[in-house]
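>>> here's my sequence, what's the structure:
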Amino acid sequence: LMFSVPLRDEPTAIDFSPTLPVCALGYSDGQIRLIEIVGNQPKEITNPHTLEQHIGAVCALSFCDDLKVYCSSSLDGQLKVWDLGNRLLDRVILNKPPVVAFFNGSQGEVVVGQGNYLLKVTKET
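Next up is the predicted model:
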């Protein structure tokens with residue numbers, strides 16, 4: 001065991017960045033904690049933007065290290081993209097909850113599982 005992080009509650013979604021020293025934890029109340037892992041001392045990246053959190057349980061989290069962002073999906077029907085300072089960059093409101101979401105490649109394309117469908121959300125410039 002290299003370190004332990006005290007959790008405030010049982011997370012509904014967890015993802016670790018493959019190359020950056022950070023992980024994200026999502027909760028049933030829509031909150032997201034971003035933890036920076038520096039040595040053996042994990043440190044929470046505080047989020048002063050609490051009004052931008054989800055209002056439903058977080059279902060999925062995924063990092064895109066090349067763009068230094070992560071996404072979250074929630075039962076509130078939203079897919080949100082955040083920077084590593086935990087600031088909301090973009091959101092997509094869907095007609096059904098996106099229960100699965102992950103970055104596909106390094107260009108910011110997100111694949112979303114919604115009902116019986118997989119949707120591809122591309123980054124617009």
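>>> so where's this protein uncertain?
1-5, 47-51, 124-125 (pLDDT under 70).
>>> which residues of it fall in strands?
13-16, 22-26, 32-38, 41-45, 58-64, 69-74, 78-83, 88-93, 100-103, 110-114, 117-121 (DSSP state E).
>>> quick one, what contacts Ile35?
Contact analysis of Ile35 by CB atoms under 8 Å, 6 or more residues apart in numbering lists Val5, Val22, Cys23, Ala24, Leu25, Pro42, Lys43, Glu44, Ile45. C-betas here are computed from N, CA, C, even on glycine.
>>> bridging residues for the third one?
The residues listed as beta-bridge partners of Cys23 by DSSP bridges are Phe16, Ile35.
>>> how near is it to Leu119?
Distance, Cys23 to Leu119, using CB to CB, to the nearest Å: 26 Å.
>>> the more surrounded of the two?
Using other CB atoms under 10 Å as the criterion, Cys23 and Leu119 rank with Cys23 on top: 19 against 16.
>>> please report how far the more buried one lies from Gln107.
23 Å.
>>> Gln114 too?
21 Å.
>>> between these two, who's got more neighbours?
Gln114 (18 against 11).
>>> quick one, what contacts that one?
If you count contacts by CB under 8 Å, 6+ apart, then Gln114 has Leu94, Lys96, Pro97, Pro98, Val99 around it.
>>> and those, which are buried?
Among the contacts of Gln114, those that count as buried by neighbour count (16 or more other CB atoms under 10 Å) are Leu94, Pro97, Pro98.
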